[in-house]
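Visitor: what's the 3D shape of this:
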Amino acid sequence: RGPAGRGMAAAAFERRVLRRAAEHHYLRVRLELPDGGARPNAAQFKQLVVTALRELHGEVGAALPVDVLIYEEKTLSAILRVISSGLVKLWSALTLLGFYQNRRCAFRVLQTSPFLLALSGNSRELVLD
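Guide: Okay, the predicted model is just below:
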């Protein structure tokens, strides 16, 4: 006899399925450059992202719709928006990019989420008085 035979109800599990996957994914990224030299402005930063996609995935990759929502030239950090189906292409292209204007560089993906609000704050950067 199982638990139900002894008068105990079997545990009921509810399965929840996301009806619609997120349309976009958001990435918080930082470009690391050696000291000195020019820092890219917003347009150059966007072009660097497109170049990274083109180098790894060709013209089809370069056509992937990527938006630079926020770019801070001082810290070389940005929040990017990409359609969810292109997340892996974008992430891999950024990871493998190694040069900007003949200088070594590296993109660091700091956070990623299907929700923009999740990138609005980072507890690791919180400064308490």
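
Visitor: on the strand side of things, show who the most centrally placed residue in the chain bridges to.
Guide: Centroid-nearest residue in the chain: residue 27, 2.3 Å away (criterion: C-alpha atoms, centre = their mean). Beta-bridge pairing for residue 27 (DSSP bridges): residue 80, residue 112.

Visitor: so it makes contact with residue 111?
Guide: Yes - using C-beta atoms under 8 Å, residue 27 makes contact with residue 111 at a distance of 7.1 Å. (C-beta placed from N, C-alpha, C; glycine too.)

Visitor: any chance you could map the helices in this structure?
Guide: 42-62, 87-96 (DSSP state H).

Visitor: of those, which stretch is the most buried?
Guide: helix 87-96 (a mean of 18; mean count of other C-beta atoms under 10 Å).

Visitor: just the CA trace of that one, in PDB.
Guide: Written as PDB, here are the backbone C-alpha positions of helix 87-96 (Å, rounded to 0.1, in the frame of the first residue of the first chain):
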ATOM      1  CA  LEU A  87      21.900  36.200 -27.800                       C
ATOM      2  CA  VAL A  88      24.400  33.400 -28.300                       C
ATOM      3  CA  LYS A  89      25.700  34.900 -31.600                       C
ATOM      4  CA  LEU A  90      26.200  38.300 -29.900                       C
ATOM      5  CA  TRP A  91      27.800  36.900 -26.800                       C
ATOM      6  CA  SER A  92      30.200  34.700 -28.700                       C
ATOM      7  CA  ALA A  93      31.100  37.500 -31.100                       C
ATOM      8  CA  LEU A  94      31.900  39.900 -28.200                       C
ATOM      9  CA  THR A  95      33.900  37.300 -26.300                       C
ATOM     10  CA  LEU A  96      36.100  36.500 -29.300                       C
END
